[in-house]
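Colleague: Sharing a model that was predicted from the sequence below.
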Amino acid sequence: VSTQSTWGQKLLNLFLMSSETDKTVPVETETVENDTEEVLGPDGKKISKSQLKKMKKLQEAQTKKEAKAKVKAAEQADKDQVRIESAKSVVSEEDRSLPAAKRIEIAQVSAHVGVRVKIFGWVHVLRVQGNSMMFIELRDGTGFPPVLQCVLTGKMCQTYNAVTLHREAAVCIYGTIIEDKRAKGGHELQADYWELVGFSDSEVDGRFNDESGVETLADQRHLVIRQTTPSLILKVRSHVLQCFREHFFDKGWYEITPPTLVQTQVEGGSTLFKLDYFGEPAYLTQSSQLYLETAVPALGKVFCVLPSFRAEKSRTRRHLSEYTHFEGEAAFITFEDLLNILEDMVVNVAERLVKKCGDVLTSINPDFKVPERPFMRMPYADAIKYCREHNIYKDEEKKEHFEFGDDIPEGPERKMTDQIGKPIFLCRFPAAMKSFYMARDKADNSLTESVDLLMPGVGEIIGGSMRSWNLEDLLKGYEREGLDPSPYYWYNDLRRFGSCPHGGWGLGLERYLCWILKRDHIREVCLYPRHLGRCKP
């Protein structure tokens with residue numbers, strides 16, 4: 001009976017893989033002892049003798065290559081060990097005749113050309129040139145570009161700390177700042193002395209690379225964020241929070257801090273994280289909206305920036321289990337006032353951001369532009385009509401059109417938004433689709449004064465509405481949702497003691513960042529993303 005032997009299969013695999021890639025592929029090899037054994041190919045046909053001969057030669061070449069690599073690695077290890085032992089006797093000391101070094105940060109180098117300075121930081125990139133020259137790209141968390149090239153020569157490159165230096169080591173480098181157009185940022189540090197502050201293991205280079213998968217990058221997130229783009233994204237995130245706060249502080253709003261441990265739901269019970277609170281049932285908040293509403297009669301216009309939690313078992317590119325929620329509420333406004341508040345917020349924050357960190361922003365997203373006013377107002381009914389007219393289907397496979405009352409999922413919604421190509425206020429959703437607290441539209445009681453802001457490239461980034469301010473209407477909302485109104489006694493009291501027209505919104509910071517930075521996945525703009533299957537590190 002013809003069989004496909006173990007050694008023959010290995011040779012065959014090696015032959016086929018090397019033919020496809022023109023690279024020698026490392027595999028476990030064996031000595032061929034039976035050259036009369038019949039070998040079958042993947043198609044079940046017998047491999048010819050000439051092919052077998054070629055495959056055997058390939059096997060022999062691979063074996064020789066592996067042996068040669070082992071010898072070379074051993075020789076290099078011996079050389080490295082000799083160099084390390086020799087380096088233990090080399091001493092590099094600071095020249096006390098030089099001017100005292102002034103401590104600065106990388107962001108300050110342009111103001112210190114010709115000055116002897118010292119800078120603490122981390123080795124971002126290390127290049128060794130022979131035994132007497134090293135190039136270190138130093139990172140300290142400041143400046144743009146966020147690194148400074150430092151040139152080390154002579155004994156500074158020959159000490160034990162120098163020959164065992166690896167990326168991410170913490171160091172302090174002394175020297176003089178010079179101008180050099182070839183260097184990143186146009187400046188360079190000509191070092192005259194350096195100190196090792198914190199050792200870094202050589203393992204750092206093997207934790208992840210450009211080919212690493214999503215799960216590996218998530219596990220190593222604490223190291224990934226040290227890379228240039230992730231760290232710049234976190235800087236933009238910080239500036240965005242600052243710009244939002246400045247925008248509202250300048251307009252007389254107050255920031256408050258509602259609790260995140262609650263006993264009421266806002267957006268439906270299926271997405272609640274439940275927990276035991278000293279023997280009582282409690283939840284992680286879905287939204288701080290209800291508490292913001294209680295502060296409106298005390299402060300007039302309020303906002304908060306806090307985490308919200310949704311127990312959605314979703315693995316989409318825009319869903320998180322924990323996200324940063326920017327929410328606001330204001331009294332004595334109309335629905336049109338609310339839309340104007342949101343439009344002004346989005347445009348003004350974008351303008352502030354460009355002024356504050358435009359260079360960093362455009363280095364990540366060169367195409368970013370401040371959106372133009374006015375934003376398009378599109379009633380929900382018109383969105384359904386648009387989808388039907390432009391063949392944006394509810395079910396692409398069945399070519400099934402949307403009907404009035406259908407929820408428009410992320411995919412079709414984004415397709416519509418990208419086709420239109422500008423910000424859209426999607427307004428006036430049917431009451432049956434929305435939460436119990438939303439006010440009804442004055443012209444059509446079956447609709448709500450509600451809005452989603454859709455941005456090209458990402459979809460929804462804001463959801464808002466006018467709030468129901470009549471107690472009777474609110475109680476009907478509880479009944480429709482099957483909610484017990486008693487835990488909401490404090491929220492109901494707002495309708496009993498000085499109720500007034502008011503409205504607000506919630507903005508997902510991570511979705512906003514995906515829009516301005518043109519990031520495809522929401523995990524890229526979080527410090528440590530939390531979603532289905534991921535709660536570490």
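Modeller: That came through, no problem.
Colleague: Give the other helices and strands that the helix or strand harbouring Phe425 contacts.
Modeller: Per DSSP states H and E, Phe425 falls inside strand 424-427. Applying 3 or more CB pairs under 8 Å, 6 or more residues apart in numbering; DSSP states H and E, we find strand 424-427 packed against helix 335-364, strand 376-379, helix 380-389, strand 450-455. C-betas here are computed from N, CA, C, even on glycine.
Colleague: in its sheet, what does that strand sit against?
Modeller: strand 376-379 (parallel), strand 450-455 (antiparallel) (DSSP bridges).
Colleague: most neighbours per residue, which of the ones you listed?
Modeller: strand 450-455 (a mean of 25; mean count of other CB atoms under 10 Å).
Colleague: quick check: angle from that strand to helix 335-364?
Modeller: Orientation check (axes from the mean of the first three to the mean of the last three CA atoms, to 10 degrees): strand 450-455 against helix 335-364 gives 20 degrees.
Colleague: Please, which helix or strand holds Ala162?
Modeller: Per DSSP H and E: helix 160-163 holds Ala162.
Colleague: so for that helix, what's the average pLDDT?
Modeller: The pLDDT scores in helix 160-163 average 94.
Colleague: same thing with stretch 66-80?
Modeller: Stretch 66-80 comes out at a mean pLDDT of 81.
Colleague: What are the boundaries of the strands in the stretch 151-300 of the chain?
Modeller: Using DSSP state E, counting those that start in this stretch, the strands of the stretch 151-300 of the chain run over 170-179, 187-198, 254-255, 261-262, 273-277, 280-284.
Colleague: State which helix of this structure is the longest.
Modeller: helix 49-87 (DSSP state H).
Colleague: which other helices and strands contact that one?
Modeller: By 3+ CB pairs under 8 Å, 6+ apart, helix 49-87 packs against helix 6-21, helix 160-163.
Colleague: just how off-centre is that helix within its chain?
Modeller: How far helix 49-87 lies from its chain's middle: 41 Å, per CA atoms, centre = their mean, to the nearest Å.
Colleague: that older thread, contact partners of the strand holding Phe425?
Modeller: 339, 342-343, 375-380, 383, 417, 449-454 (CB atoms under 8 Å, 6 or more residues apart in numbering).
Colleague: got it, and stretch 331-349?
Modeller: 240, 243-244, 247-248, 296-297, 300-301, 328, 330, 370-371, 373-375, 377, 423, 425, 427, 449, 451, 453, 462, 464-466, 500-505.
Colleague: Please point out which parts of the longest helix of the chain sit buried.
Modeller: Residues 52, 55-56, 58-59, 62, 87 are the ones in helix 49-87 that count as buried (16 or more other CB atoms under 10 Å).
Colleague: Kindly report the same for stretch 187-194.
Modeller: Neighbour count says stretch 187-194 has 187-189, 191-194 buried, by 16+ other CB under 10 Å.
Colleague: mean confidence score for that stretch?
Modeller: On average, stretch 187-194 scores 97.
Colleague: Could you do stretch 387-398 as well?
Modeller: On average, the pLDDT along stretch 387-398 is 92.
Colleague: Now do that stretch: distance to the chain's middle.
Modeller: Counting by CA atoms, centre = their mean, stretch 387-398 comes out at 31 Å from the chain centroid.
Colleague: contacting residues around that stretch?
Modeller: Against stretch 387-398 from outside (CB under 8 Å, 6+ apart): 386, 399-403, 406, 408, 412, 415-416, 419.
Colleague: So for it, what gets flagged as buried?
Modeller: 387, 392-394.
Colleague: Quick check: longest strand in this structure by residues?
Modeller: Secondary structure of the chain read by DSSP state E shows that its longest strand is strand 116-129.
Colleague: Show me what that strand is in contact with.
Modeller: 98-106, 109, 134-141, 147-148, 157, 165-177, 189, 192, 197, 200, 226, 228.
Colleague: Stretch 146-153 too?
Modeller: By CB under 8 Å, 6+ apart, stretch 146-153 touches 106, 109, 119, 121, 124-125, 132-139, 162, 173, 175, 180, 183-185, 187-191, 194, 228, 231-232.
Colleague: okay, that stretch in CSV with CA atoms only?
Modeller: C-alpha atoms of stretch 146-153 as CSV (Å, rounded to 0.1, in the frame of the first residue of the first chain):
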residue,chain,number,x,y,z
PRO,A,146,8.2,63.4,21.5
VAL,A,147,11.8,62.2,21.3
LEU,A,148,15.3,63.8,21.3
GLN,A,149,18.3,62.2,19.6
CYS,A,150,21.3,61.9,22.0
VAL,A,151,24.8,61.1,20.7
LEU,A,152,27.1,59.2,23.0
THR,A,153,30.8,58.6,22.2
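Colleague: how deep is Leu306 tucked in, by neighbour count?
Modeller: 17 (other CB atoms under 10 Å).
Colleague: In three-state terms, how would it be classified?
Modeller: Secondary structure assignment for Leu306 (DSSP: H, G, I helix; E, B strand; the rest coil): strand.
Colleague: Compare the contacts of stretch 387-398 and tell me which is most surrounded.
Modeller: Going by other CB under 10 Å, Ile408 tops the contacts of stretch 387-398 with 24 neighbours.
Colleague: Ramachandran angles for it?
Modeller: Here is the backbone geometry of Ile408 (degrees, to the nearest 10): phi -90, psi 110.
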